[in-house]
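Colleague: Have a look; sequence and predicted model below, questions after that.
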Amino acid sequence: MPVSQDIVKLAIEFPGSGKMAQLVDFDQKKPLVAIIRDVCDVWQVPSSEQYALQYSDNTQTYITEKNRNEIKNGTVLKLTTSPSKTAGDIVLCMKGEDSVEKCKALQKLAKISADVTFASEFISRDGVPLLAGMVENGSETGENLAFILTAFLELMDHGVVSWDNLTPTFVKRVATSVNRHSADATILQKSLAILESIALNSYELYKLVSSEVTFGNLISHIQSSNQEIQCNAVALINALFLRAPEEKRKTLSDNLNAKQIRNVILNHVIRGPRQVGTEMAHQLYVHQTLSFNLLEERRMTKLDQNDQMLKDQLVELRKVAFDNDQDLSGSIPPPRKTAEKYTRDYKKLGFSNYTNPALDFLETPPGVLALDLMVYFAKYHAEGYTKLVLENSCRQDGHECAFGKSSIELTKMLCKILKVGEIPTETGQEYYPMFYTHDHAFEEFFCICIQLLNKTWKEMRATHEDFNKVMDVVRDQIQRALAEKPNSLEGFKTKLQGLSYAQITKMRIQERSNKEEWDSQARPVCELREQIKPEIINLVKQQRLNYLVEGTLFNKFTNRRVKDKFWYCRLSPNHKVLHYGDAEENSNPPIEMLPEKIPISEIKGIVTGKDCPHMKDFRRAKGVTTLAFAVLYDPDQSLDFVAPNETLYSIWTDGIHALLEKEMVSEEMKNDVETLLSMDMKLRLLDTENVPIPDKPPDMPPDPPNFDFCYDFS
């Protein structure tokens, strides 16, 4: 007789009882209370209502009516006290005088607080205020305090209790742990994480956190040999700046860009003895993005024509370029300049409005940021600046590379490449080590790029009409050099030297030969494309499914991104089941190690973006919703994903659409189809090289006068 699909075969243990495990047919239609009662009856355990089932692994997750459908065949469960009784017992021990029992209770609390069922019971018994009170009165230290802070952070992460409910005394006590250099590693790490969450989630308590924690102490923690402490320290610095009120932003911006912080991050994190982990890469990305965003105010500020300082900067640009070639002996006084000569100088400098160059900086972006960068180049790289300006002023009309116009457009481009002004995303991990190697890294970056632009202009023998083409090549050169993540600005300059215009042209030709679409519009070619296109789409579909079989490591998300916690998902080789489960960072677990699974036949559909169940209540979701998708399956449940990047998002959504026999719609899929189609077309049409292909088939010749030439079958 076939086994019902509602029956799950599993084992149930009773740790500490000495009783043999039970092999149970777990009926999903039977009430959970009744199943627990039956298990207790077999072992003759009284008061079954005080017991519950729990996974026997380290997840410490209770089985409830909501998650019972996730139990799979072969699972091992254990009988344990119910969440209600466990929470009550722990609260009693915490209030008691027995220090040994209290320590055991706190240790257990730290382990099971991540379970939402237990957390609800513990919170309903005012467990969070009780933990906070133990921190406030300073009665617990050492191991006990580490357990308290661990449990507190897990409980608060469920989003049930507001961070605004905490008291200033609690914040000061936690801050004391951060300011004390001799603190236990776990206490220090959890204290940093708690202060980060307070800074991000409580406007009132933010002020207290920022006043209690000094940047000097945070810098010392970044020098720690413990990577988790380093990561939490950088995260707290980022949080303090992200939520800073306007009046504090100037002070914090000075701290964010301080040489001391930059050097410590460079020497102890980026160049440290261990590889930068996923979470640290994210925090460095956030830190660098916030540093770049300090340029936003200048980028969006128009030049005030009444501002004498800005006028002086324009005069300085002209003086450095044209007044340094006078006789330095003083025997010949410099000729007096007239307004006409000033105008001529500003024209040589490449300003569009050379009679009043201030007008060139009214457009935002890049605003006065472009002027700041030009003045920096003239002041700190005077020789290179003078050479660039004079070299172009000597070129014939139409062939000079206008320094003013080029600088303004280059500033726009660099801000766009580095995403100046954009809010850090929850999944970003791209940072550039070279920007930690100089006090004025962005300015130096500009100086290198403006000289690159002039060099490329000469190599292209460009004229004014070619300006956009030159900028396009320069953008390509910069992006290719940045993609190699040079460790220093000198390394960046070296990378650019290998990316001359000739080299870029070769690379583009090679790429175009690999990617470009067959541009012939002849009807036979178009018909051939349409004929082979289904075959190409099927090939892309197979590639997507093969990628799903290999699997991907995803970050865990709850009501926010969970640090250093990952899960892995992969498709079975027969394409019938999705397997998933918790995993370690950088791991690639085999399918047998992934305990959870969803049959493809049970999947009802896929939703993306804000339609995902896990994105509806997600805070600070900008940049995350675009990478979110969820698989909906019976009965009314979902498997929630947030892809690490757009490429993996496209691959997974395409793959799931393919499994559901729906059309793949991502841009990535369209690009792959076009690339493969172009390559296939070129291979098929190799023999037609230099042979003109007509737009229409040749005309049918007229019938012959007779058909006597036909074979006689008689």
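Modeller: The structure has been received and is ready for your questions.

Colleague: Show me the strands in the stretch 51-200 of the chain, by range?
Modeller: With strands called from DSSP state E, counting those that start in this stretch, the stretch 51-200 of the chain shows them at 51-55, 76-81.

Colleague: What about Asn574, how many residues nearby?
Modeller: By other CB atoms under 10 Å, the residues close to Asn574 number 8. The C-beta positions use only the backbone N, C-alpha and C, and glycine is treated the same way.

Colleague: Same list (the strands of the stretch 51-200 of the chain) but as a markdown table, adding mean neighbour count, distance to Arg570 and mean pLDDT.
Modeller: A markdown table is the format used below for the strands of the stretch 51-200 of the chain (neighbours: other CB atoms under 10 Å; distance: least, CB to CB, whole Å; pLDDT from 0 to 100):
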| stretch | mean neighbour count | distance to Arg570 | mean pLDDT |
| --- | --- | --- | --- |
| strand 51-55 | 23 | 21 | 92 |
| strand 76-81 | 18 | 22 | 92 |
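
Colleague: Ser638 is nearest to which of those strands?
Modeller: Ser638 sits nearest to strand 51-55 of all the strands of the stretch 51-200 of the chain, at 20.5 Å, using CB to CB.

Colleague: coming back round to it: quick check: which of the strands of the stretch 51-200 of the chain is nearest to Gln510?
Modeller: Among the strands of the stretch 51-200 of the chain, strand 51-55 sits nearest to Gln510 (CB to CB), with 53.7 Å.

Colleague: Quick check: the closest residue to Tyr501 other than its chain neighbours vs Val473, distance?
Modeller: Spatial nearest neighbour of Tyr501, excluding adjacent residues (CB to CB, 6 or more residues apart in numbering): Glu459 at 3.9 Å. With distances taken as CB to CB, to the nearest Å, Glu459 is found 9 Å from Val473.

Colleague: More neighbours: which of those two?
Modeller: Val473 (24 against 15).

Colleague: Is it correct that that one is in contact with Lys455?
Modeller: No - under the criterion of CB atoms under 8 Å, Val473 makes no contact with Lys455, lying 10.8 Å away.

Colleague: for the residue nearest to Tyr501, what are its contacts?
Modeller: 500-502 (CB atoms under 8 Å, 6 or more residues apart in numbering).

Colleague: Looking at neighbours, which among these is most surrounded?
Modeller: Highest count within those by other CB under 10 Å belongs to Tyr501, 20 neighbours.

Colleague: which ones are touching that one?
Modeller: 456, 459-460, 473.

Colleague: Sort out for me which of the residues you listed are in helices.
Modeller: Using DSSP state H, 456, 459-460, 473 are the members of the contacts of Tyr501 that sit in helices.

Colleague: quick one, phi psi at the nearest residue to Lys458 once chain neighbours are set aside?
Modeller: Among residues not flanking Lys458 along the chain, Cys401 sits closest, at 7.8 Å (CB to CB, 6+ apart). Per-residue torsions, Cys401: phi -90, psi 100 (degrees, to the nearest 10).

Colleague: Hmm, Cys401 is touching Lys455, no?
Modeller: No - counting by CB under 8 Å, Cys401 stays clear of Lys455, with 9.5 Å between them.

Colleague: Looking at these two now, which is surrounded by more residues?
Modeller: Cys401 (24 against 18).

Colleague: In contact with that one, which residues?
Modeller: Shown in contact with Cys401 (CB under 8 Å, 6+ apart): 350, 392, 395, 453-454, 457-458, 462, 470.

Colleague: can you put the residues you listed in TSV and add pLDDT?
Modeller: TSV is the format used below for the contacts of Cys401 (pLDDT from 0 to 100):
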residue	pLDDT
Gly350	85
Asn392	84
Arg395	75
Leu453	95
Asn454	94
Trp457	94
Lys458	92
Ala462	90
Val470	94
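
Colleague: quick one: which of those has the most company?
Modeller: Trp457 (25 neighbours).

Colleague: Could you measure from the nearest residue to it once chain neighbours are set aside over to Gly133?
Modeller: Closest residue to Trp457 apart from its sequence neighbours, by CB to CB, 6+ apart: Cys401 at 4.1 Å. Taking CB to CB as the measure, Cys401 falls 69 Å from Gly133.

Colleague: Am I right that Leu553 sits in a helix?
Modeller: No - according to DSSP: H, G, I helix; E, B strand; the rest coil, Leu553 belongs to no helix; its state is strand.

Colleague: and Phe641, that one's in a helix?
Modeller: No - applying three-state DSSP, one finds Phe641 to be strand, outside a helix.

Colleague: Setting aside sequence neighbours, what's the nearest residue to it?
Modeller: Nearest to Phe641 is Phe629, by CB to CB, 6+ apart, at 5.2 Å.

Colleague: which residues touch that neighbour?
Modeller: Here Phe629 is in contact with 606-609, 612, 641, 643, 649, 652-653, 656 (CB under 8 Å, 6+ apart).

Colleague: Which among those count as buried?
Modeller: Listed as buried from these are 606-608, 612, 641, 643, 649, 652-653, 656; burial here means 16 or more other CB atoms under 10 Å.

Colleague: Take stretch 310-321, keep the C-alpha atoms, and write them as CSV.
Modeller: Extracted in CSV, the C-alpha atoms of stretch 310-321 (Å, rounded to 0.1, in the frame of the first residue of the first chain):
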residue,chain,number,x,y,z
LEU,A,310,36.0,81.1,-5.8
LYS,A,311,37.0,84.1,-7.9
ASP,A,312,40.5,83.9,-6.5
GLN,A,313,40.7,80.2,-7.4
LEU,A,314,39.9,81.0,-11.1
VAL,A,315,42.6,83.7,-11.0
GLU,A,316,45.0,81.1,-9.4
LEU,A,317,44.4,78.7,-12.3
ARG,A,318,45.4,81.4,-14.8
LYS,A,319,48.4,82.6,-12.9
VAL,A,320,49.9,79.1,-12.4
ALA,A,321,49.6,78.4,-16.2
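
Colleague: what is the rounded mean pLDDT of it?
Modeller: Average pLDDT, stretch 310-321: 86.

Colleague: Next: stretch 157-169.
Modeller: Per-residue scores along stretch 157-169 average to 91.

Colleague: can you map out the strands along the protein?
Modeller: With DSSP state E, the ranges of strands along the chain come out as 7-13, 22-27, 51-55, 76-81, 552-557, 561-571, 577-583, 596-599, 603-608, 628-633, 637-642.

Colleague: Export those strands as JSON lines, with columns for distance to Leu252.
Modeller: Putting the strands of the chain into JSON lines (distance: least, CB to CB, whole Å) gives the following:
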{"stretch": "strand 7-13", "distance to Leu252": "53"}
{"stretch": "strand 22-27", "distance to Leu252": "55"}
{"stretch": "strand 51-55", "distance to Leu252": "44"}
{"stretch": "strand 76-81", "distance to Leu252": "48"}
{"stretch": "strand 552-557", "distance to Leu252": "27"}
{"stretch": "strand 561-571", "distance to Leu252": "23"}
{"stretch": "strand 577-583", "distance to Leu252": "37"}
{"stretch": "strand 596-599", "distance to Leu252": "43"}
{"stretch": "strand 603-608", "distance to Leu252": "36"}
{"stretch": "strand 628-633", "distance to Leu252": "31"}
{"stretch": "strand 637-642", "distance to Leu252": "29"}
